[in-house]
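Novice: Kindly return the folded structure for what I paste below:
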Amino acid sequence: MATQVRPRRSALYLPGSNARAIEKARTLPCDAVILDLEDSVAPEAKVAARALACEAVRMGGFGPRELIVRVNGLDTPWGADDLAAAAEAGPDAVLVPKVASPEGLAAYRQAVGPGVTLWAMIETCQAVFALDALGRASADGGVAAWVVGTNDLVKEMRCALGPDRAPLLPALAMSVMAARAHGLAILDGVYNDIPDLEGLARECAQAASFGFDGKSLIHPTHLDAANRIFAPDSDAIAWARTVAAAFDLTENAGKGVLKVEGRMVERLHLEEARRLIAVAEAISTHEVGNEV
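Specialist: Below you'll find the predicted structure:
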């Protein structure tokens, strides 16, 4: 299990058309870099952005950061060429937008070809009502992670958001449940108010409490909050190590329930403890790699 864990606390979007921002990303303390060819790139710059982003992928130099290319949809003039170019460049994954049905996901898989890891955006009302089917299709179709596109979902719902994001809460919770049911990582949507770091921290804490692995971000100043809030805290890690050590004792082999420091723990707690330890170790390895 530990060897499969990648930290995804912070996934930073960067316009694929911005060479300076892409170069800076090679030094930023983010877990993932998303080179965007979709929302942040004007139509007249799409072709040039595709070439620049794919060349950045081929050049590498991103260290342990997971490198993702977000393409335009297949229903646009650029989508098919984006998918072909991204697949040839070889990022860690290709992020596909507005996946609303298993059939839509299958179309992206067919277009990008086998052997390319996909991430998928969950950002439409239709997708929310198809979460279980999408989760099953994602698990079967080489999708590693979902990213909730809250801005597009808000636009489609025509809802008004306050600080608690009340209209989105059912969709956020159900998205996490579906992702967990099918073994997928899942990231929360972006926070739009760039200077409001307190509001960002509140939204990160809300997403972490829902079970999200991390948050997609639009500015480097948002990295610190996401990295801090989505990482297991030191007390949780210490307790996880205590639980794992107790179950590893020879005299406890095969036991389903133990009393550890006065608390009753079961095998399900051991599974979660080992997951937390793996996440903490993956974060530590990632951060050491970022310093190299």
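Novice: all helices of the stretch 151-292 of the chain, in order?
Specialist: Along the stretch 151-292 of the chain, counting by DSSP state H, counting those that start in this stretch, helices occupy 169-181, 197-210, 223-229, 234-248, 267-291.
Novice: Okay, buried residues for the third one please.
Specialist: The neighbour-count criterion (16 or more other C-beta atoms under 10 Å) identifies 223, 225-227, 229 as the buried residues of helix 223-229. For every residue, glycine as well, the C-beta is placed using N, CA and C.
Novice: hmm, who's touching it?
Specialist: By C-beta atoms under 8 Å, 6 or more residues apart in numbering, the residues outside helix 223-229 that reach it are 9-10, 12, 28-31, 197, 200-201, 204-205, 208, 214-215, 217.
Novice: tell me which of the buried residues of helix 223-229 is nearest to Glu261?
Specialist: Ile229 (26.6 Å; C-beta to C-beta).
Novice: so what's that closest one closest to, chain neighbours aside?
Specialist: Nearest non-adjacent residue to Ile229, counting by C-beta to C-beta, 6 or more residues apart in numbering: Cys204, 4.2 Å away.
Novice: Pull the contacting residues for that neighbour.
Specialist: With C-beta under 8 Å, 6+ apart, Cys204 has these contacts: 188, 191, 215, 225-226, 229-230.
Novice: any idea how far Val96 is from it?
Specialist: When distance is defined by C-beta to C-beta, to the nearest Å, Cys204 is 25 Å away from Val96.
Novice: what do you get for Met157?
Specialist: Going from Met157 to Val96 by C-beta to C-beta gives 21 Å.
Novice: which of these two has more neighbours?
Specialist: A direct count of neighbours by other C-beta atoms under 10 Å for Met157 and Val96 places Val96 higher, at 29 against 15.
Novice: And the pLDDT for that one?
Specialist: Note on Val96: pLDDT of 98.
Novice: And the next helix or strand past the helix or strand where Val69 lies?
Specialist: If you go by DSSP states H and E, Val69 is part of strand 66-70. Sequence-wise, the next helix or strand downstream of strand 66-70 (DSSP H and E) is helix 79-89.
Novice: Who are the packing partners of that next one?
Specialist: On a contact count with 3 or more C-beta pairs under 8 Å, 6 or more residues apart in numbering; DSSP states H and E, helix 79-89 meets helix 46-59, strand 66-70, strand 93-96, helix 102-112.
Novice: Relative to Val243, which of those is closest?
Specialist: strand 66-70 (28.9 Å).
Novice: Paired strands for that closest one, with orientation please.
Specialist: Take DSSP bridges as the rule and strand 66-70 pairs in its sheet with strand 32-36 (parallel), strand 93-96 (parallel).
Novice: Need the contact partners of the longest one.
Specialist: The reference is to strand 32-36. 8, 10-16, 22, 25, 53, 56-57, 62, 65-70, 91-92, 95, 216.
Novice: could I get the strand holding Val69 in CSV with only the CA atoms?
Specialist: The C-alpha trace of strand 66-70 is given here as CSV (Å, rounded to 0.1, in the frame of the first residue of the first chain):
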residue,chain,number,x,y,z
GLU,A,66,3.2,14.9,-10.4
LEU,A,67,2.9,16.5,-13.8
ILE,A,68,-0.5,16.7,-15.4
VAL,A,69,-1.8,18.2,-18.6
ARG,A,70,-5.4,19.4,-18.7
